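1. below: sequence and its predicted model.
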Amino acid sequence: MAIGRLHNAAGLASTASLVLVAAFFGTAQAHDHHGGEMEIPPGETVTKEPLDSITWLHIFIQMLAYGVIFPIGMVLGMTKSRWHVPTQVVGSCLALLGFFLGHAHGGRQYIEGNVHSIFANILQLLLIAQIVLGLYLKGHWERGINGRIRLLIRPFHSIIGKAMPLLAWVQMVFGGITTLGFCQGDHLGQCAAHFIMGGAFIAYGVILTIILIAGQLFIRRTGRSQEFFDSSVIAVWGCINTFTEHRWGTAWVRNDWQHTTMGIIWWCAGLAGIWLSRDRDGNPKRNFIPAFVIFITGWAMSAHPQELMVSAMTHAMFGKTLMAVGVTRVIEIAFVLKDKQSLHESGRTWNSFQYIPVFLMYAAGFMFMGATEEQMNLVAASGLDGVSYTLILYSLAFMVFLFANMLIHLYDRLSPEEEGGKYSNGHIRLNGGAHEEGRVRDAEEFELEGLSEDEDDDEGRRMLNRTDRASTDTPSTLGRNNHASAH
């Protein structure tokens, strides 16, 4: 046993050493391919060459590793699946391969020290730390000081694993703007606003998806309505926008007025939504405020003046999408759910209409992320019309919407059985308990139904026996009476 553990420890150590050496070697060679930086035109951040096949391979591999495999591995880890480690090993190998390819490409060259390359090193170090922590936990060293170290390592491993999909999303955005040479100089502020706000809309869509599919009972357990949390976030975000959209000490311009007043209505409406989230007895109560804030935000965004026709069409469609989110959300709360948290007490069912505002949040996020000034200029120069561009963005929204639903479904199916409201592995299954209670209740009803049928059968047999005895007793009595009279 001891020899086996030593071999296991040696194997883990050697694997970790190889990973560290390979990763640091790649980091050391990080910017050797920037020899073409002298060819970058003045005022630009990229050369005019097209992307070569190595760059496309790098993009595909990294999107597969960070965008697909690592999120699946995260869900497998949360459910303590035996496929967690193999999945993360495959993802890590692909991520390291993609990292090396990113520094070995030809074709288009980029300015040194760009945000994508800087964040790539940070992401790579986090990946190395995650691998080392995972290897240590895989060793199952739990005695003595190793037990205390394990208690410290496990939370860090969990946090990094759950943060990896979000960090990967940020890196993909950085990769896109670096490849195109966008978001530089005067475009930085406007670009950051679009990507941050658009990403927030998509994140909110993901949260709504989780609540709809697997979180209805969780919201009920909090003792608050969903609008309480939505209104709180709206109020905080409105306060931030009120004091950050205008550069204080400078002249007020039209966009400053629009963005600042938008922040004001957000925190005013957010406070009203918090107040209306409870009824007169202090019970959780749903309200229309967050949906109305989304609606009026869409109306304001659709009215922003634009110079290009494709930009005007994109912003108008973005505003209409947000307005549709607000309208369908009010219909869902007031008429579909009738102010309830869920359609059924079990929290395991939903109306198909409830998916409409959820998906439209994804679509609104992609529409806003794809509406920066530089992107609009690129679309206008390419000959692509606004309708086709909108359909492309909606297609991306459908893909992310589908993948989010698949991950949530995977988590819901792989979560272990509930024990006393909490799983043995420490993870709470949000709706599984209700499903299990329903199955137990059905089984009890079936058993009671069987017992009642048996009792009915027994009662029928007893009645038949009494009838038979009565019929047999009558002739004998008559016979005895006749016999007595004869004597």
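-> Ah, there it is. Numbers count the residues shown, from 1 in each chain.
2. I'd like the mean pLDDT over the strand or helix carrying S388, please.
-> In the assignment (DSSP states H and E), S388 maps to helix 386-414. For helix 386-414, mean pLDDT is 96.
3. who's in contact with A397?
-> Residues near A397 by Cβ atoms under 8 Å, 6 or more residues apart in numbering: F359, Y362, A363, G365, F366. Quick note: C-beta positions are derived from backbone N, CA and C, even for glycine.
4. want to throw the residues you listed into CSV with neighbour count?
-> Listed next are the contacts of A397 as CSV, based on neighbours: other Cβ atoms under 10 Å:
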residue, neighbour count
F359, 22
Y362, 28
A363, 27
G365, 28
F366, 26
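5. closest to A192 among those?
-> Nearest to A192 among the contacts of A397 is G365, at 15.0 Å by Cβ to Cβ.
6. quick one: that closest one and I196 touch, right?
-> No: the pair G365 / I196 is not scored as a contact, 10.7 Å apart, by Cβ atoms under 8 Å.
7. got the contacts of A397 as JSON lines, with distance to A163 and secondary structure columns?
-> Shown next, in JSON lines, are the contacts of A397 (distance: Cβ to Cβ, whole Å; DSSP: H, G, I helix; E, B strand; the rest coil):
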{"residue": "F359", "distance to A163": "25", "secondary structure": "helix"}
{"residue": "Y362", "distance to A163": "21", "secondary structure": "helix"}
{"residue": "A363", "distance to A163": "26", "secondary structure": "helix"}
{"residue": "G365", "distance to A163": "20", "secondary structure": "helix"}
{"residue": "F366", "distance to A163": "22", "secondary structure": "helix"}
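8. which secondary structure element contains the closest residue to L208 other than its chain neighbours?
-> Leaving out its chain neighbours, the residue that sits closest to L208 by Cβ to Cβ, 6 or more residues apart in numbering is V358, at 4.6 Å. Using DSSP H and E, V358 sits in helix 355-369.
9. the residue most central in space within the chain and I153: what is the separation?
-> Residue closest to the average C-alpha location in the chain (Cα atoms, centre = their mean): V206, at 4.0 Å. V206 is 28 Å from I153, where distance means Cβ to Cβ, to the nearest Å.
10. what of F368?
-> From F368 over to I153 the distance is 39 Å, taken as Cβ to Cβ.
11. so for these two, which residue has more residues nearby?
-> F368 (27 against 16; other Cβ atoms under 10 Å).
12. where does the stretch 151-300 of the chain dip in pLDDT?
-> Filtered on pLDDT under 70, the stretch 151-300 of the chain yields no residues whatsoever.
13. show me where this structure has strands.
-> For the chain, applying DSSP state E gives strands covering 418-419, 422-423.
14. by mean pLDDT, show me the worst of those.
-> Lowest mean pLDDT within those: strand 422-423, a mean of 38.
15. off-centre distance for stretch 297-305?
-> Put simply, stretch 297-305 sits 27 Å off its chain's centre (Cα atoms, centre = their mean, to the nearest Å).
16. buried ones in that stretch, by neighbour count?
-> T297, G298, A300, M301, S302, H304 (16 or more other Cβ atoms under 10 Å).
17. what distance do you get for the second one to A397?
-> Just to be clear, that refers to G298. 15 Å.
18. next: the first one.
-> With distances taken as Cβ to Cβ, T297 is found 18 Å from A397.
19. now do N121
-> 31 Å.
20. and what of F195?
-> The spacing between F195 and A397, counted by Cβ to Cβ, is 15 Å.
21. just give me the neighbour total for S388.
-> Count around S388 with other Cβ under 10 Å applied: 11.
22. how much space separates it from E307?
-> Distance of S388 to E307, computed by Cβ to Cβ: 20 Å.
23. got it, and M399?
-> Note on M399: its distance to E307, by Cβ to Cβ, is 31 Å.
24. ok, I61 next?
-> I61 is 38 Å from E307, by Cβ to Cβ.
25. for the two, indicate the residue with more neighbours.
-> More neighbours surround I61 than the other of I61 and E307, with 20 against 10 (other Cβ under 10 Å).
26. which residues touch the more buried one?
-> Contacts here follow Cβ under 8 Å, 6+ apart; on that basis I61 touches L94, A95, L97, G98, L101.
27. who's in contact with the last one?
-> The one in question is L101. L101 neighbours (Cβ under 8 Å, 6+ apart): I54, L57, H58, I61.
28. distance check, the closest residue to it other than its chain neighbours against A65.
-> Leaving aside its sequence neighbours, L101 sits nearest to H58 (Cβ to Cβ, 6+ apart; 4.1 Å). In this view, H58 and A65 are 11 Å apart by Cβ to Cβ.
29. repeat that for I213.
-> Distance, I213 to A65, using Cβ to Cβ: 26 Å.
30. phi, psi of P305?
-> P305 adopts backbone torsions of phi -70, psi 140, taken as degrees, to the nearest 10.
31. D279: neighbour count?
-> Residues within reach of D279, counting by other Cβ under 10 Å, total 12.
32. for the remainder of this discussion, apply numbering that starts at 30.
-> From this message on, residue numbering opens at 30, which makes the last subject D308.
33. ok, the nearest residue to it once chain neighbours are set aside - contacts?
-> Spatial nearest neighbour of D308, excluding adjacent residues (Cβ to Cβ, 6+ apart): K314 at 4.3 Å. K314 is in contact with S254, L305, S306, R307, D308, D368, counting by Cβ under 8 Å, 6+ apart.
34. all helices for the stretch 80-229 of the chain, in order.
-> 82-93, 99-107, 113-130, 144-167, 174-209, 217-243 (DSSP state H, counting those that start in this stretch).
35. single out the most deeply packed of those.
-> Mean neighbour count (mean count of other Cβ atoms under 10 Å) peaks for helix 99-107 among the helices of the stretch 80-229 of the chain, with a mean of 22.
36. what mean pLDDT does that helix get?
-> The average pLDDT for helix 99-107 rounds to 96.
37. who touches that helix?
-> Helix 99-107 is contacted from outside by 112-113, 116-117, 120, 124, 187, 190-191, 193-194, 197, 432, 436, 439-440, 443, 456, using Cβ under 8 Å, 6+ apart.
38. and with 7 Å instead?
-> For helix 99-107, contacts defined as Cβ atoms under 7 Å, 6 or more residues apart in numbering pick out 112-113, 116-117, 120, 190-191, 193-194, 197, 436, 439-440, 456.
39. could the residues you listed go into TSV alongside distance to S381?
-> Output for the contacts of helix 99-107, formatted as TSV (distance: Cβ to Cβ, whole Å):
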residue	distance to S381
W112	32
H113	33
T116	32
Q117	35
G120	34
G190	33
K191	30
M193	33
P194	27
A197	31
L436	20
L439	21
Y440	22
H456	29
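40. looking at those, which is nearest L407?
-> A197 (24.3 Å).
41. just give the closest residue to that closest one, not the sequence neighbours.
-> Among residues not flanking A197 along the chain, Y95 sits closest, at 3.6 Å (Cβ to Cβ, 6+ apart).
42. relative to A409, how far out is the closest residue to Y139 other than its chain neighbours?
-> Among residues not flanking Y139 along the chain, V75 sits closest, at 5.3 Å (Cβ to Cβ, 6+ apart). Going from V75 to A409 by Cβ to Cβ gives 20 Å.
43. neighbour count winner among those two?
-> V75 (21 against 17).
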